[in-house]
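S.K.: I would like the atomic coordinates for the input below:
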Amino acid sequence: SFEIKENNLDNLTDFESTLIKKILGKKELSEKRKDRLLYLRKLALKSKCMDKVINIFEDRPNKADDNAEVFYKYVEDRHPEWENYFILDRNSDDWIRLKEQGYNLVQYGSERHEELLIQAQNLISSQASLTEMRPWKENFPYLRYAYHYNFMFLQHGVTKHDLSLWLRKIEKDIRILVTVSDQEKQGFLDYGYEYTENEVKVTGFPRFDRFSVDFSVSKNNGNILIAPTWRNGIWADDDELDVKIGKLKETEFYQSWQKLLNSNYLKTLVDQGNTVSLMLHPLLREVEDGFDVPEYVDNIPFETRYVDILKEADLLITDFSSIYFDIAYQGKPTLYYQFDTGNVNNKAGYFDFNSMGFGPVCSSLEQVTYELKRIVQNKYQMADLYKERVYSFFKYTDSKNSERADEELASLIQKIGVVKHTVFRRKI
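M.R.: Reported below is the predicted structural model:
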């Protein structure tokens, strides 16, 4: 059974006493470590009884330029009454750029980061790896229940596969799950994620505010972006780099993309004035030297901003990368090169590439070449069939995605302020 008490400072202090005694009684902890843990728990306790709103925004630890970066700017401009912080590694190529734009930056993994997160009312991120967003593994067992933020998941990419084993409520406890379409929302409601209508919201991605749908573009020469995803299980984490590259080169994944990069038709297109660029997935960064990139293909550096890459591209060739939604949102064609079924743990979801995709689906290099010729002959314009699919998939094609996401965040903050949490204590 449970005893229910009012959420006030006295009851919370009483609730803490047992945990504090346990920390003080741990002989393996140094006095400095105990002091640090008790200080953090004190911060958490005080913050639970304050009206102050602290929002923590984060994309990847070493890279911004995603939904959290765009949404932070919108929220900061419109809510001076809230304390907003953006978490990033100081060595990131984005640090100076964001600092110059006035972002309230905090070093990833620092003591300041830990102190803010344990006081935060909201954690707002495009990533869902909570162990990465709470990088203090040694402290977590003593602070597990001190964290009290609401997790607003902005997503990095539109969810198309069934990721319920990773994103389900018992694992992530997402309070606001941002989606771009009614179909995507229904996927979260139908595939065992255990979220409700009140938690899954169709607002559109904040970063989509940088784009606009334009089907009128017609070009004789275009910028072709090749962006493979990755495959898990190719190498072991403790493999040496040369071993990882060796294992990579033995895969169908590597060999299929190499054949495309070195194909005669791509070289012909470049000779005719088109450009071809390769953007490897961040998880392939450590083995990028293993790819044999022809001199006529531009190998995009990891630090290049996504927004610039996606705006400049006129055509995307990918297997499963969710950036095809960003490309489609701009009214640009995609060509899917799916020689396999992707990662071994990919479970089919609501999205069917053949009936819902924004371009032709190819399983061989010959098919890719054939469809690529058709797109070039059509001057890089999206075919009418795929234009209709864009409008039927995206609920919004405007530039008000951040505005709608902000309304959901403000509503959540208001609810937390009105409805008091209760403290649950199991009776002994």
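
S.K.: got a list of contacts for stretch 293-307?
M.R.: 63, 65-66, 93, 207, 210, 226, 261-262, 266-267, 270-271, 275-280, 282, 285, 288, 291, 309, 323 (Cβ atoms under 8 Å, 6 or more residues apart in numbering). For the C-beta atoms, the positions are set from N, CA and C on the backbone; glycine is no exception.

S.K.: could you say what helices and strands the one helix or strand residue 46 maps to packs with?
M.R.: Residue 46 is part of helix 31-47 when elements are defined by DSSP states H and E. For helix 31-47, the packing partners by 3 or more Cβ pairs under 8 Å, 6 or more residues apart in numbering; DSSP states H and E come out as helix 9-24, helix 111-119, helix 140-143.

S.K.: Deepest in the core, which of the ones you listed is it.
M.R.: Scoring those by mean neighbour count under mean count of other Cβ atoms under 10 Å gives helix 111-119 as the most buried, with a mean of 19.

S.K.: For residue 298, grab phi and psi.
M.R.: The phi and psi values for residue 298, taken as degrees, to the nearest 10, are phi -80, psi 120.

S.K.: oh sorry, the question was meant for residue 349
M.R.: Residue torsions, per degrees, to the nearest 10, at residue 349 are phi -120, psi -150.

S.K.: change the start of the numbering to 19 and stick with it
M.R.: All set: I'll call the first residue 19, so the last point we hit is now residue 367.

S.K.: Which per-residue confidence value corresponds to it?
M.R.: On pLDDT, residue 367 comes in at 88.

S.K.: got it, and the one 3 residues further on?
M.R.: The confidence metric pLDDT takes the value 94 at residue 370.

S.K.: And for residue 66?
M.R.: Residue 66 is assigned a predicted lDDT (pLDDT) of 83.

S.K.: where's it relative to residue 60, distance?
M.R.: Distance, residue 66 to residue 60, using Cβ to Cβ, to the nearest Å: 11 Å.

S.K.: quick one, what contacts residue 412?
M.R.: 198, 199, 222, 346, 347.

S.K.: Narrow the residues you listed to those in helices?
M.R.: 346, 347 (DSSP state H).

S.K.: quick check, nearest of the contacts of residue 412 to residue 262?
M.R.: When the contacts of residue 412 are compared for distance to residue 262 (Cβ to Cβ), residue 346 wins out at 33.0 Å.

S.K.: who touches that closest one in this structure?
M.R.: With contact taken as Cβ under 8 Å, 6+ apart, residue 346 is in contact with 352, 376, 404, 407, 408, 411, 412.

S.K.: Is there a quick ChimeraX command that grabs whichever of those are buried?
M.R.: Only the buried entries of the contacts of residue 346 go into this ChimeraX selection, using 16 or more other Cβ atoms under 10 Å:
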select :352,376,404,407,408,411,412
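
S.K.: buried residues in the helix holding residue 64?
M.R.: 52, 54, 55, 56, 58, 59, 61, 62, 63, 65.

S.K.: Also stretch 344-362?
M.R.: Neighbour counts over stretch 344-362 (16+ other Cβ under 10 Å) mark 344-357 as buried.

S.K.: Including secondary structure, could these go into TSV?
M.R.: Formatted as TSV, the buried residues of stretch 344-362 follow (DSSP: H, G, I helix; E, B strand; the rest coil):
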residue	secondary structure
344	helix
345	helix
346	helix
347	helix
348	coil
349	coil
350	coil
351	coil
352	strand
353	strand
354	strand
355	strand
356	coil
357	coil
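
S.K.: farthest pair in those?
M.R.: For the buried residues of stretch 344-362, with distances taken as Cβ to Cβ, the pair at the greatest spread is 349 and 357 (27.0 Å).

S.K.: Any regions of the stretch 269-418 of the chain where pLDDT drops low?
M.R.: 362 (pLDDT under 70).

S.K.: try it again with 50
M.R.: Judged against pLDDT under 50, the stretch 269-418 of the chain has no low-scoring part.

S.K.: Do a quick rundown of the strands in the stretch 219-368 of the chain.
M.R.: For the stretch 219-368 of the chain, the strands defined by DSSP state E, counting those that start in this stretch cover 241-244, 293-296, 315-317, 333-336, 352-355.

S.K.: mind checking which of those strands is nearest residue 37?
M.R.: strand 333-336 (48.4 Å).

S.K.: what packs against the closest one?
M.R.: In terms of contact count using 3+ Cβ pairs under 8 Å, 6+ apart, strand 333-336 is assigned the packing partners strand 241-244, helix 341-347, strand 352-355, helix 383-395.

S.K.: Dump these into a markdown table; add distance to residue 36 as well.
M.R.: Below are the helices and strands packed on strand 333-336 laid out as a markdown table (distance: least, Cβ to Cβ, whole Å):
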| stretch | distance to residue 36 |
| --- | --- |
| strand 241-244 | 56 |
| helix 341-347 | 48 |
| strand 352-355 | 56 |
| helix 383-395 | 63 |
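
S.K.: residue contacts, residue 54?
M.R.: Contacts for residue 54 (Cβ under 8 Å, 6+ apart) come out as residue 157.

S.K.: From residue 136, how far off is it?
M.R.: Residue 54 sits 11 Å away from residue 136, taking Cβ to Cβ as the criterion.

S.K.: okay, now the nearest residue to residue 153 once chain neighbours are set aside: neighbour count?
M.R.: Once flanking residues are discounted, residue 153 sits nearest to residue 127: 4.8 Å by Cβ to Cβ, 6 or more residues apart in numbering. Burial measure for residue 127: 15 neighbouring residues, criterion other Cβ atoms under 10 Å.

S.K.: Please apply the same query to residue 309.
M.R.: Neighbourhood size, residue 309 [other Cβ under 10 Å]: 19.

S.K.: Next: residue 43.
M.R.: Residue 43: 9 neighbours (other Cβ under 10 Å).

S.K.: And residue 299, by the same measure?
M.R.: Using other Cβ under 10 Å, residue 299 has 15 other residues around it.

S.K.: how near is the nearest residue in space to it that is not next to it in sequence to residue 315?
M.R.: Nearest residue to residue 299 in three dimensions, chain neighbours excluded: residue 248, at 4.4 Å (Cβ to Cβ, 6+ apart). From residue 248 over to residue 315 the distance is 19 Å, taken as Cβ to Cβ.

S.K.: Repeat that for residue 308.
M.R.: Residue 308 sits 15 Å away from residue 315, going by Cβ to Cβ.

S.K.: neighbour-wise, which of the two wins?
M.R.: Ranked by neighbour count (other Cβ under 10 Å), residue 308 and residue 315 place residue 315 first, with 21 against 17.

S.K.: could you list every residue that touches the closest residue in space to that one that isn't next to it in sequence?
M.R.: Spatial nearest neighbour of residue 315, excluding adjacent residues (Cβ to Cβ, 6+ apart): residue 294 at 4.9 Å. Contact partners of residue 294, counting by Cβ under 8 Å, 6+ apart, are 242, 244, 284, 287, 288, 314, 315, 316.
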